[in-house]
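Novice: A predicted structure for the sequence below; I have some questions about it.
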Amino acid sequence: MSGKRILYGINGLVAGFGALFSLTLTVLGTYPSQNTNPTSLGFADQGLLGRVFDYFTYFTQWSNILVAIVMLMLFARPDRDSFWFRVFRLDSVLMIVVTGIIYNVVLAATANNQGLEVWTNFFLHILTPTLTFVVWLIAGPRGWISWRIIAASLILPIIWLVFALVRGAFIGAYPYGFLDVATYGYGTVLTNVAGIVVFAIVLCLVFWGIDALIARLTRRTQMADA
């Protein structure tokens, strides 16, 4: 088994474990700080169905689950390749890095993690984002980023943003404060959203540059060894 395949597998298992660990605490009702109040289904007491639905509204969960799926698919078949798989590979890196940066820079100061939440938070917002980026640096795959891939990679995050805003308009609750239209109004929230989209595009361009640099250095090393 190749070293790259082992890295893909470890990355997928870590992301999957963090997401499942968080879901388990949500199902058991021991994850109060992550509950949206009221829930999208109108359960005032945050019942099981409401808690689970809320769990799947967070960008954090979308990004961690996507990383788990993509990395385990690469582990199962490292030569897997298609336009949309390249898109989701970039999405997995982009979304989890955005998750890590926004949480640690914007949200961590007001977080109220308790008990086992401290460990799920570590997996979801620190370990998986860091590990995913490092594995991408080491194992790629290389040469998969282009303008078309970058454009398509914005589709999934934008779908989440639209979902969160539309859902919030109906229930008056939002998964993150910077999307809270009820408090800040659409002007401020749309400015925040535009800033995040621009930040995501810049990150993609940075990834593209890093990818090209690594590929160039690898070719030079291989030519020198030949």
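Specialist: Received, thanks. Nothing here was measured: the structure is a model prediction, and the numbers come from that model.
Novice: next, the buried residues of the helix or strand of the chain with the lowest mean pLDDT.
Specialist: In the chain, the helix or strand scored least confidently by mean pLDDT, DSSP states H and E is helix 48-55, which has a mean of 83. Buried residues in helix 48-55, counted by 16 or more other C-beta atoms under 10 Å: 50, 51, 53, 54, 55. All C-beta atoms are positioned from the backbone trio N, CA, C, and that covers glycine.
Novice: not counting its neighbours along the chain, what's nearest the last one?
Specialist: Pointing back at residue 55 there. residue 26 (4.5 Å; C-beta to C-beta, 6 or more residues apart in numbering).
Novice: can you tell me the element that neighbour falls in?
Specialist: helix 3-28 (DSSP states H and E).
Novice: ok now the longest helix belonging to the chain, how far from the chain's centre?
Specialist: As assigned by DSSP state H, the longest helix anywhere in the chain is helix 181-225. Remark: helix 181-225 is offset 13 Å from the chain centroid, using C-alpha atoms, centre = their mean, to the nearest Å.
Novice: before we move on, what about stretch 10-21?
Specialist: On C-alpha atoms, centre = their mean, the centre of stretch 10-21 falls 12 Å from that of its chain.
Novice: tell me the centre residue of this structure?
Specialist: Taking C-alpha atoms, centre = their mean, the centroid of the chain lies closest to residue 63, which sits 2.3 Å from it.
Novice: how about it, nearest residue that isn't a chain neighbour?
Specialist: Residue 63's closest residue in space is residue 95 (C-beta to C-beta, 6+ apart), at 3.8 Å.
Novice: tell me the buried residues in the host helix or strand of the one you found?
Specialist: Using DSSP H and E, residue 95 falls within helix 83-102. By neighbour count with 16+ other C-beta under 10 Å, helix 83-102 contains the buried residues 85-100, 102.
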